[in-house]
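[1] show me how the following folds:
(one chain, ligands or ions: 1)
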Amino acid sequence: MNDKLSSRALPWLVCALVAAALYGNYYVYDSIGPVADALQRQRGFSDTQVGLLNAIYNLPNVVLILLGGMLVDRFGAARVTLWTAAVCLAGAVLTALSPDFFGMAAGRLLFGIGAETFSIATLAVLAQYFVGGNVAFAMGLALSIGRLGSFSSDMSPTWFAAAYAQGWQPPLLIAAGMAATSFGAALLYWWLDRRAASSGKGPAVPQAQPFVLRDLLHFGKAYWYLLTLCVLWYSVILAFRSTFSIKYFQHVHGLDLATAGAMNSYVFLAAVFATPAFGWLCDRIGRYAPFLAFGAVLLPVAMAVMTLTSASLWVSTALIGVSFSLVPAVMWPLASKLVAPARFGTAIGLMWVAQNAGIGAANLVAGWLNDRAGASAQNPAGYEPMMLFFGLAGVVGAAFALMLWFTAGRRAHEAVTHRG
Ligand SMILES: NCCCC[C@H](N)C(=O)NCC(=O)O
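    Residues are numbered from 1 along each chain as shown. Just a heads-up that it's a prediction; the model follows:
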C-alpha cells in the first residue's frame, strides 16, 4: 500500500466505506414504515404485529449491546463490522422472503442482532482511524450518510413506484439489495484494513475499555437526566417516524403513500445537513444544554401541532426536522462532557441499552394502542391514544432536558470540562 494513501487518504476512504455501509443499514431499518399499510391490507397484519417488526430489532439489544462492545474489543472493529453486516444481510433477506409473520419477525430479529453491534463497531472504526483529529466530524459525516439511507427509504415509494405497485414484497427485496450494498462496503473496508495492517500502516488499536458496573456510581445527576431524555426522545422519534408515521399520514391526513413517505423523509433530509451544522455551531459557541433543551421541547410541540391543530403537516414536519437534527448533534458530545473519558464507553453503552429498551417498548405500546382503538383509514380518531402517548413521552423527555440545563448546563458549568 503506498505511503500517501495510508497517511492521508486512508482514514477518509475508510470513513466513506463506513458511511456507505451505514447508508444501507439505515435504509433497511426504515424499510418497514413504507410497507406498513400494505402489510395490513395484503397480509392482514395488525398494528401490534407491525410495531413488533421494529420492536424486535431493539429488544434483544438491551443485552446484546454489551456483548457487542466486548466482541469489538476481543476481535477488532474490522472483523465485527464485516460479521455484523453479514448478519444484517441475512436478516434483510429473510424478512423479504418469508411467507408468514413469524419468518418476517425472525428476519427483523436477525437484522437487529447485527445492526446495533454493527453501529458500535463503525464508531470504533472511526475512533481508531481518526485518533489524530477530526473524529467528531467524521462520525457526524458518517451519521449523516446513514440518515440519507433513512431518507431514501422514505422516498422509495416515489423512486420505486413500480415495485410498490406490486405489493409489500418487492420494496423489501430492494431493502435486501441495500443490505447487500452495505455488506459490500464493509467487505471492502475489511480488505483495506487488512492490507493496511499487514503493511504496518493500520490504525493503532486503543486499549479495550470494558463495561464496568461500578462506574455507574460515579455518574452525576446530569448524566441520568441525559440518559432519560435519550430513552424518551429516541422512543418517540423512532417508534413514530420509522414505524407508524407514514401510515398515520395516510389514514389521518389523507395523503397517498408516496406523498406520506416524502413528507416523512424531509425530517431525515434536514438532518443530513443540519446535524453536522448544529454540532459545529455548538462547538463554536461552547453551549450544549440550552440547544438540547430547545430541540427536546420542539418534539412534543410538533406532536401537539400535528394532532390538535389544522396547521399544515409542513409545520410539524419542520419542527420535528429541527428536533431530529439538533438533539443527536448535541447529545453525544454532551455525554462526553458529563463523564470522564475513561468512563465514556460505559456511559454510551448504558444509554444505548436503555434506549433500545425504550424504542422497543414504544413500538409495542403504540401498536397495541392503535389496535385497541381500532385505528384505520375508516377510523382516524383511533390514532389519538398513540399520539397522546407519544406527546406525553415527549413532554417528560423535554422536562428532563430542562432539568439538565438548569442543574449542569448553565454557561458557567459548560465553560469547564466536567471530570465525571
Ligand atoms: N438505525 C436507527 C437506530 C439507531 C439507534 C442507535 N442506537 C443510535 O442511537 N444511533 C445514533 C442515531 O442518532 O442514529
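
[2] pull out the buried positions in stretch 54-73.
    Within stretch 54-73, the residues scored as buried using 16 or more other C-beta atoms under 10 Å are 54-62, 64-66, 68-69, 71-73. Using the backbone N, CA and C atoms, a C-beta is placed for each residue, glycine as well.

[3] show me which residues of the stretch 201-350 of the chain sit near the ligand.
    residue 328 (C-beta under 6 Å from any ligand atom).

[4] for the ligand, what is the nearest residue in the stretch 201-350 of the chain?
    Taking C-beta to the nearest ligand atom, the ligand has its nearest neighbour within the stretch 201-350 of the chain at residue 328, 4.0 Å off.

[5] again, but for the stretch 1-150 of the chain
    Closest to the ligand within the stretch 1-150 of the chain is residue 29: 4.2 Å, counting by C-beta to the nearest ligand atom.

[6] that residue: neighbour count?
    25 (other C-beta atoms under 10 Å).

[7] wouldn't it be in contact with residue 115 here?
    Yes: between residue 29 and residue 115 there is a contact at 6.5 Å, judged by C-beta atoms under 8 Å.

[8] which residues do these two both contact?
    residue 57 (C-beta atoms under 8 Å, 6 or more residues apart in numbering).

[9] surely the residue of the stretch 201-350 of the chain closest to the ligand and residue 143 touch.
    Yes: if you go by C-beta under 8 Å, residue 328 and residue 143 touch, sitting 7.1 Å apart.

[10] overlap in contacts of the two?
    Common contacts of residue 328 and residue 143 (C-beta under 8 Å, 6+ apart): residue 275.

[11] how many neighbours does residue 200 have?
    8.

[12] give me the secondary structure label for it.
    When classified by DSSP: H, G, I helix; E, B strand; the rest coil, residue 200 comes out as coil.

[13] thinking again about what came up before, what helix or strand does the residue of the stretch 201-350 of the chain closest to the ligand sit in?
    According to DSSP states H and E, residue 328 maps onto helix 313-338.

[14] name the residues of the helix or strand just after that helix that come out as buried.
    Counting by DSSP H and E, the next helix or strand C-terminal to helix 313-338 is helix 344-372. Within helix 344-372, the residues that count as buried by 16+ other C-beta under 10 Å are 344-371.

[15] could you list every residue that touches the nearest residue to residue 181 once chain neighbours are set aside?
    Leaving aside its sequence neighbours, residue 181 sits nearest to residue 24 (C-beta to C-beta, 6 or more residues apart in numbering; 4.6 Å). Residue 24 makes contact with 149, 178, 179, 180, 181, 182, 183, 185 under the criterion C-beta under 8 Å, 6+ apart.

[16] going by distance to residue 266, which of the residues you listed wins?
    Residue 266 has its nearest neighbour among those in residue 149, at 15.1 Å by C-beta to C-beta.

[17] ok, now how distant is that closest one from residue 198?
    Counting by C-beta to C-beta, to the nearest Å, the separation of residue 149 from residue 198 is 31 Å.

[18] of those two, which one has the most company?
    Ranked by neighbour count (other C-beta under 10 Å), residue 149 and residue 198 place residue 149 first, with 26 against 10.

[19] was I right about that one contacting residue 25?
    Yes: under the criterion of C-beta under 8 Å, residue 149 lies in contact with residue 25, with a separation of 6.8 Å.

[20] what are the phi and psi values for residue 76?
    Residue 76 adopts backbone torsions of phi 100, psi 150, taken as degrees, to the nearest 10.

[21] can you read off the pLDDT for it?
    Reported pLDDT at residue 76 in the predicted model: 86.

[22] next: residue 209.
    Looking at residue 209, its pLDDT stands at 58.

[23] go ahead and confirm residue 234 touches residue 355.
    Yes: counting by C-beta under 8 Å, residue 355 is a contact partner of residue 234 at 5.0 Å.

[24] for the protein, give me the ranges with low pLDDT.
    Low-confidence segments of the chain (pLDDT under 70): 1-7, 132-133, 136, 204-216, 341-342, 345, 409, 411-413, 415-420.

[25] picking up where we left off before, nearest to the ligand, of the contacts of residue 24?
    Comparing these against the ligand with C-beta to the nearest ligand atom places residue 149 closest, at 8.4 Å.

[26] measure the residue of the stretch 1-150 of the chain closest to the ligand to residue 382 for me?
    For residue 29, the distance to residue 382 - C-beta to C-beta - is 26 Å.

[27] repeat that for residue 252.
    To residue 382, residue 252 is 9 Å away according to C-beta to C-beta.
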